[in-house]
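Chemist: With the input below, show me the fold.
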Amino acid sequence: SSPVSYRSRIPAWWPVAQLPVSLLLVLSRHSVLALRTPGLGEPRGHAPADDSPAHQGRSVAILVVGRLLDFGNTTATPAETAAPSAARGLPGGQEATPQDVNPWGSFEEHVLRPIQTSVGRKVDVFLCVGVVSGVVPRTVTGVYNFSVGGQMERLHRCYQEVSASRSYDFYIRTRPDFVYLTDFPPVAHMRANRMYSRFRMATGISGLTSSHFSWNQCDTSCNVRSEVASGYMNDDMIFVVPKALCGKAFLPGRKAAEWQRRFRTPPDWITMPGWPEGAWTRRLIAAGVLTEPLAITGYPSLSWRNHRGMAIPCGPTPVEKVRCGSRRPMAEVHKNVLTAAWHGA
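Modeler: The predicted structure is shown next:
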């Protein structure tokens, strides 16, 4: 049978805990399993901290955006995940993941609780997925069930649905299958005119650690080898968008293509491959969006690449990127972005 369409039944503000169980159960033959790890501390951040008391009380919406989410396995414990005894092989070369890994448990421990502590208030969590299996936890504010083409279209649709009911100071995107190994940085310290993300590729930037990267994290070198280039390519698994930048970060396909056509390469910028992350970064640069590196460690459990194998060795202890080209201050890199930004009408 087709998945239940939550959009027509559940407004974004509706407390999921009050819904009948029949609306919270959707059968799926897929499974997203989970990891609970003890607190491993917070990696060293990169952006200047803004710890003014005025930033306590910021409103935050977390958008869990993906194809499927399974709440059926919630029994993992830190002791079990410390030394997993079995792994499941997945078809098509998909990376094997320990059976007792629980992404949602790691999300609540390393993302939801630290962010609520940081802002000093409840954080709203919205599920925007094609299929939900199991009983939705009470920590979830609302569920939107829809299937669209690509992840950026799904993300745009999710933002539209959530923001139609109310506006938030910050929106955080995460994947439903992401396993967090360290705590999310304090949102209360983040700047209201900057986006925050990990980097898929980067070099020529000072102060970076393994926690700022989503690929080849644990090497002491940045993953672009150049002594003259500087710049980054945004990773799209996890990122933070302040309210002021939502109109440029959460774009539908047609508008995204317009920004893509306006892209000009910033001075001395790194070469970005034709990957989805590269296309997204080009749109952000064209729109003049400035990105700060986000320090968070983890991996997607439903991966077609070796994300888990790369992330775990330096998960608890960040590795400083001592060989990172010219290692310019982030402010200089941002000047290059603004030089290339589109300033038309």
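Chemist: Was I right to think residue 291 contacts residue 193?
Modeler: No - in this structure, residue 291 is not within contact of residue 193 by CB atoms under 8 Å, at 11.4 Å. Where you see a C-beta, it was placed from the backbone N, CA and C, and this is true even at glycine.
Chemist: Looking at the two, which one has more neighbours?
Modeler: Set residue 291 next to residue 193 and count neighbours by other CB atoms under 10 Å: residue 291 wins out with 26 against 10.
Chemist: contacting residues for the nearest residue in space to that one that is not next to it in sequence?
Modeler: Using CB to CB, 6 or more residues apart in numbering and skipping the chain neighbours, the partner closest in space to residue 291 is residue 195 (4.9 Å). By CB atoms under 8 Å, 6 or more residues apart in numbering, the contact list for residue 195 reads 234, 239-242, 245, 249, 284, 289-292.
Chemist: Now go through those and say which are in helices.
Modeler: 249, 284 (DSSP state H).
Chemist: Now for the contacts of residue 195: which two are most distant?
Modeler: 234 and 242 (15.1 Å; CB to CB).
Chemist: And the two? Which one has more around it.
Modeler: residue 234 (28 against 20).
Chemist: quick one: that one and residue 201 touch, right?
Modeler: No - Residue 234 is beyond contact range of residue 201, at 9.4 Å (criterion: CB under 8 Å).
Chemist: Residue 254 versus the closest residue to residue 214 other than its chain neighbours, what's the distance?
Modeler: Nearest in space to residue 214, with sequence neighbours left out and distances taken as CB to CB, 6+ apart, is residue 235 at 4.0 Å. Going from residue 235 to residue 254 by CB to CB, to the nearest Å gives 24 Å.
Chemist: So between those two, which is more surrounded?
Modeler: Set residue 235 next to residue 254 and count neighbours by other CB under 10 Å: residue 235 wins out with 21 against 7.
Chemist: residues touching that one, list them.
Modeler: 197-200, 214-215, 277.
Chemist: Among those, which are located in strands?
Modeler: 197-200 (DSSP state E).
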